[in-house]
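Asker: The sequence and its predicted three-dimensional model are supplied below.
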Amino acid sequence: MPTDPHAFLLCGPSLAGKSTACERIAATLGAAIISADAINAKRGLPFGAEGLPESVWAETLRQLLLQLHEHARAARSVVIDDTLCYRWLRDRVRNEAMTADLRPVLLVLAPSRQTLLSRYAQLAESGQRQVLSMPRFVQHLESFEWPTPDEAAVDISTADQRDAWLRSQGAGSPART
């Protein structure tokens, strides 16, 4: 397992499987989870802060970065559970991690659009978990800025890819989820 503290930055659209991957990575590598959704829920905001001004997200980002620095001061690795849907946002979190002496690693989850829409339909119908409105979800998918090659993202879109990456970190064979 990595000996120096890391910031594992999960990047992928809503419903890509980030929270599931986040839990597995955190449990396997002993990292703390920092979740934008959890920050918003604690603030009493609607899921995805849908319909609220951008300033709401600016405050969520501020709180996320404060948590990152708190864990860094304790020399603890973190897993960032957020879409990181814009390059500027990934750069900001990556730079903050480096400033805090955490080694950033960008992990991307990129299921097909068809898979995401299928997950959306299933979850919207079942009410199993909150989802964005369909117009907001489609807008999110269309405006998503995927990592470019210079960002050196590691693709963990499938459980097999995630588990192989975890093994490459010296984590052994994690249980399947």
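Answerer: Yep, that arrived.
Asker: residues in contact with the residue lying farthest from the centre of the chain?
Answerer: Distance from the C-alpha centroid of the chain peaks at residue 125, with 24.3 Å (Cα atoms, centre = their mean). By Cβ atoms under 8 Å, 6 or more residues apart in numbering, the contact list for residue 125 is empty. In short, each C-beta sits where N, CA and C put it, glycine included.
Asker: helix or strand for it, which one?
Answerer: Assigned by DSSP states H and E, residue 125 falls within helix 113-126.
Asker: Which stretches in this structure count as helices?
Answerer: For the chain, the helices defined by DSSP state H cover 18-29, 36-42, 54-73, 87-99, 113-126, 134-143, 159-168.
Asker: what's the closest of these to residue 151?
Answerer: Smallest distance to residue 151 across those (Cβ to Cβ): 6.8 Å, for helix 87-99.
Asker: Just give me how far that closest one sits from the chain centre.
Answerer: In this view, helix 87-99 has its centroid 13 Å away from the chain centroid, taken as Cα atoms, centre = their mean, to the nearest Å.
Asker: What of stretch 159-168?
Answerer: So, by Cα atoms, centre = their mean, the centroid of stretch 159-168 is 16 Å from its chain's centroid.
Asker: So what's the residue count around residue 60?
Answerer: 20 (other Cβ atoms under 10 Å).
Asker: Distance of it relative to residue 124?
Answerer: Taking Cβ to Cβ, to the nearest Å as the measure, residue 60 falls 24 Å from residue 124.
Asker: Could you do residue 32 as well?
Answerer: Residue 32 is 31 Å from residue 124, where distance means Cβ to Cβ.
Asker: How much space separates the residue farthest from the centre of the chain from residue 139?
Answerer: Distance from residue 125 to residue 139, by Cβ to Cβ: 21 Å.
Asker: Repeat that for residue 55.
Answerer: Relative to residue 139, and taking Cβ to Cβ, residue 55 is found at 19 Å.
Asker: ok, those two, which is more surrounded?
Answerer: Neighbours per residue (other Cβ under 10 Å) separate residue 55 from residue 139, with residue 139 holding more: 12 against 8.
Asker: In this structure, where is pLDDT below threshold?
Answerer: 1-2, 48-51, 172-177 (pLDDT under 70).
Asker: surely residue 17 meets residue 110?
Answerer: No: if you go by Cβ atoms under 8 Å, residue 17 and residue 110 don't touch, sitting 10.0 Å apart.
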